[in-house]
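Participant: Kindly generate the corresponding structure for this input.
(2 chains)
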Amino acid sequence: MRDLWFHVNPSLGIPIYAQLTGQIRALVTSGAVSPGDPLPSVRELAVSLAISPNTVARAYLELERDGWVKAVPGKGTFVAGGPGSGEDQRSQAVLEKARATVREALAQGMEPVKILELFQAVLMQDVGQQAGPSRRRESP
Amino acid sequence: MSQAPSPAVRIGGLAKRFGEVKAVDGVDLEVPRGCIFGLLGPNGAGKTTTLKLLLGLLHPDAGTLEVLGKPVNRFTLPDLLQRVGYVAEGRDLYGYMRVGELIGFNARLYRNWDHKAVSRYLDLFRLPMDRKVEDLSQGMKSQLALVLALGHRPELLVLDEPTGGLDPLMRREFLSLVIEEVAGGRTAILSSHILHEVERVADLVAVMRRGRILAVRAVEAIRRDEKRVRFVPQHEISPDDLRLPGVTGVERQGKGFVLSVSSDLEALLQRLAAIPHFVLEVVDLNLEDVFFDYMGKEESTP
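Facilitator: As a prediction, this is how the structure comes out:
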């Protein structure tokens, strides 16, 4: 896996190890990388991002604990299937994003009802858009 | 049977004065092995003096100093320098020597000189071997100083404002060598006033001022925990109502408040959300914000 997949923002209010685990989980759930693909070594990734090797090691450790990667002694770290089936992974990833959005909205003081309305509005809009062209094709 | 390894550095009650000036005034500090430890503070805070005491280059007035599990005063200076690498801004190199001569000179001085690693570093930095040291640019001198400090593969690297004169690319290359050493299990202490450089690479930071350590923090924990919350309530409330768990400071600004928060953010937000308000917003703090907060707090204490 290329180091170019990764980027970190040290000034962000999210620990760097969490930025890395998020990016690696997203790569796995999106299918951009497959089980068995090698991850960069701790040393390589730390040097290429100019961060502490301990931070990379912590990210890999957490990912391994949760089943996203597998460390093979003497060989390196490899992408694993992730927790549960592919379907579970995808909904887990969406859930995490939704949770982040909801938290952000709450933190800005938005009422829960308003947040729900916004989600509904977005959903209606997007589902409507997807359904639109196919309906037209079906009824010439 | 494995014993918990001794820290790379353990300092207790360290004091050093120059005439009337207390350069180091009761410093306690522990640097775990295998980490990158940032030492931050304004000029004159006592960082360089602390590091020189650590290396046995100065003698303390009081306190205990242990390096790699052994009291500094039980090392002979040459023995200590075999195990520690030191880079200091403006440290004198032998200016009349050529780069290659100086490298060869150091290679004979150290038992564990790693010729292979050194030639790799020299390639990376593209240092001209036949140029006199005094004719090098400031950046090249810093690079050469690092090569000399790393050549004997020391267990502890002490870097005192090491990136002076380096452009951003050179600085990145410089840090990459330090990171590689730490990936190999060695320890690095990096004193710097370039906060964003330290923020990116350090595991732990100590903030020093007027000879004292004000705080030691894990940088990842600062990212996670240190926030500022802007809160504008709809009705007048007392600042005391906002001194909730996790809140370390309350400052009034116009009709609103700015809360400094160090923990329990979620619980705090829930409680604030229950108070009718116009604005409730969270701002992430970076190391620089936290640094200046510490400086400000110290300033206001009598």
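Participant: how close does residue B:229 get to chain A?
Facilitator: Distance, residue B:229 to chain A, by C-beta to the nearest C-beta, to the nearest Å: 9 Å. Backbone N, C-alpha and C define where each C-beta goes, glycine included.
Participant: tell me which residues form a beta bridge with that residue?
Facilitator: Beta-bridge partners of residue B:229, counted by DSSP bridges, are residue B:259, residue B:282.
Participant: and it, how many neighbours?
Facilitator: 23 (other C-beta atoms under 10 Å in any protein chain shown).
Participant: from chain B, which residue is nearest to chain A?
Facilitator: Nearest residue of chain B to chain A (C-beta to the nearest C-beta) works out as residue B:284 at 2.7 Å.
Participant: My guess is that residue contacts residue A:12. True?
Facilitator: Yes: under the criterion of C-beta atoms under 8 Å, residue B:284 makes contact with residue A:12 at 6.4 Å.
Participant: can you list residues touching both of the two?
Facilitator: Common contact partners of residue B:284 and residue A:12 (C-beta atoms under 8 Å, 6 or more residues apart in numbering or on different chains): residue B:223.
Participant: The residue of chain B closest to chain A - nearest residue in space that isn't next to it in sequence?
Facilitator: Leaving aside its sequence neighbours, residue B:284 sits nearest to residue A:13 (C-beta to C-beta, 6 or more residues apart in numbering or on different chains; 2.7 Å).
Participant: I'd guessed the one you found sits against residue B:224; true?
Facilitator: Yes: look at residue A:13 against residue B:224 with C-beta under 8 Å: they come within range, at 7.4 Å.
Participant: Could you see whether chain A lies near the helix or strand containing residue B:268?
Facilitator: Here residue B:268, judged by DSSP states H and E, is contained in helix B:265-273. Yes: counting by C-beta under 8 Å from any C-beta of the partner chain, chain A is contacted by helix B:265-273 at B:269, B:273.
Participant: Give the other helices and strands that the strand or helix carrying residue B:197 contacts.
Facilitator: In the assignment (DSSP H and E), residue B:197 maps to helix B:195-201. In terms of contacts (3 or more C-beta pairs under 8 Å, 6 or more residues apart in numbering or on different chains; DSSP states H and E), helix B:195-201 is packed against strand B:36-40, helix B:168-183, helix B:287-300.
Participant: chain center to the longest one: distance?
Facilitator: In this view, helix B:168-183 has its centroid 15 Å away from the chain centroid, taken as C-alpha atoms, centre = their mean, to the nearest Å.
Participant: What parts of the stretch 51-200 of chain B come near chain A?
Facilitator: B:172, B:175-176, B:179-180, B:182-184, B:196, B:199-200.
Participant: need the helix or strand of chain A with the lowest average pLDDT.
Facilitator: helix A:112-138 (a mean of 71; mean pLDDT, DSSP states H and E).
Participant: Of all the residues in chain A, which one is nearest chain B?
Facilitator: Here the residue of chain A nearest chain B is residue A:13; by C-beta to the nearest C-beta that distance is 2.7 Å.
Participant: Please, which helix or strand holds that residue?
Facilitator: Here residue A:13 is assigned to no helix or strand, by DSSP H and E.
Participant: Please tell me how far it sits from residue A:57.
Facilitator: Using C-beta to C-beta, to the nearest Å, residue A:13 is found at 22 Å from residue A:57.
Participant: Report the contact partners of the residue of chain A closest to chain B.
Facilitator: Going by C-beta under 8 Å, 6+ apart, residue A:13 touches B:223-224, B:226-227, B:282, B:284-285.
Participant: For the residues you listed, pick the one with the most neighbours.
Facilitator: residue B:223 (26 neighbours).
Participant: Now do the SS call for it.
Facilitator: Of the three states, residue B:223 takes helix under DSSP: H, G, I helix; E, B strand; the rest coil.
Participant: I'd say it and residue A:9 touch.
Facilitator: No: between residue B:223 and residue A:9 there is no contact under C-beta under 8 Å: 9.8 Å.
Participant: Perfect, that will be all.
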